[in-house]
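Peer 1: Sequence and predicted model, in that order:
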Amino acid sequence: MKTDLADGKTLKEMFASGTAWLEKSAPDINAINVFPVPDGDTGTNMLLTMQFALQEVKSSSDSHASSVAKSLAHGALMGARGNSGVILSQFFRGLAKGLDGKANFDGADFARALAGAAQTAYKGVASPVEGTILTVLKDASKSAK
């Protein structure tokens, strides 16, 4: 049985696609931003965080999945904007932990890394509330299985 493997280059492409999607969707996310403060900036903060992280990832020529994931986590932490940006940075920290030591990964590896990433994001919030980005991250990781 053949198993397709992805590497750091693929992870970079996935992240770039996600950032492009968020750029188009940020206004819609801002419009539904009501918790914890209805300030309408969650989409913008997530986009700015992801753009900063993407710059960090693009600056690396490493194609090792683990290295790319670590660059992503570091960039997200350094560029985190608002609560949603900090939560994203914790999610990417968990993703990097889940891909640690892997030059390549398959779908099952990625699904496990996403599940760990969602748990890390929850642990990074003092009082997690359902119906927020945390729920989206958790549900996305469940769907990946």
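Peer 2: All right, it came through fine. Numbering: from 1, shown residues only.

Peer 1: Kindly provide the distance from residue 94 to residue 83.
Peer 2: Here residue 94 is placed at a distance of 17 Å from residue 83 (CB to CB, to the nearest Å). (Each C-beta comes from the backbone N, C-alpha and C, glycine too.)

Peer 1: and if you look at residue 114?
Peer 2: To residue 83, residue 114 is 21 Å away according to CB to CB.

Peer 1: The closest residue to residue 119 other than its chain neighbours: how many residues sit nearby?
Peer 2: In this structure, residue 119 finds its nearest non-sequential neighbour in residue 94, 6.4 Å apart by CB to CB, 6 or more residues apart in numbering. Residue neighbour count, defined by other CB atoms under 10 Å, stands at 26 for residue 94.

Peer 1: before we move on, back to that, of residue 114 and residue 83, who's got more company?
Peer 2: A direct count of neighbours by other CB under 10 Å for residue 114 and residue 83 places residue 114 higher, at 22 against 17.

Peer 1: The more buried one in helix, strand or coil?
Peer 2: Here residue 114 is recorded as helix under DSSP: H, G, I helix; E, B strand; the rest coil.

Peer 1: doesn't residue 141 make contact with it?
Peer 2: Yes - when contacts are counted by CB atoms under 8 Å, residue 114 is listed as touching residue 141 (3.9 Å).

Peer 1: thinking residue 60 is in contact with residue 69, fair?
Peer 2: No - Residue 60 sits out of contact with residue 69 when judged by CB under 8 Å, with a separation of 10.9 Å.

Peer 1: Dead centre of this protein: give me the residue that sits there.
Peer 2: residue 92 (4.6 Å; CA atoms, centre = their mean).

Peer 1: Does it touch residue 69 like I think?
Peer 2: Yes - using CB under 8 Å, residue 92 is in contact with residue 69, at 7.4 Å.

Peer 1: any residues in contact with both of these two?
Peer 2: Common neighbours of residue 92 and residue 69 are not found (criterion: CB atoms under 8 Å, 6 or more residues apart in numbering).

Peer 1: give the contact list for residue 66.
Peer 2: So residue 66 contacts 8, 96, 99-103 (CB under 8 Å, 6+ apart).

Peer 1: mind redoing it with 7 Å?
Peer 2: Listed by CB atoms under 7 Å, 6 or more residues apart in numbering, the contact set of residue 66 reads 99-102.
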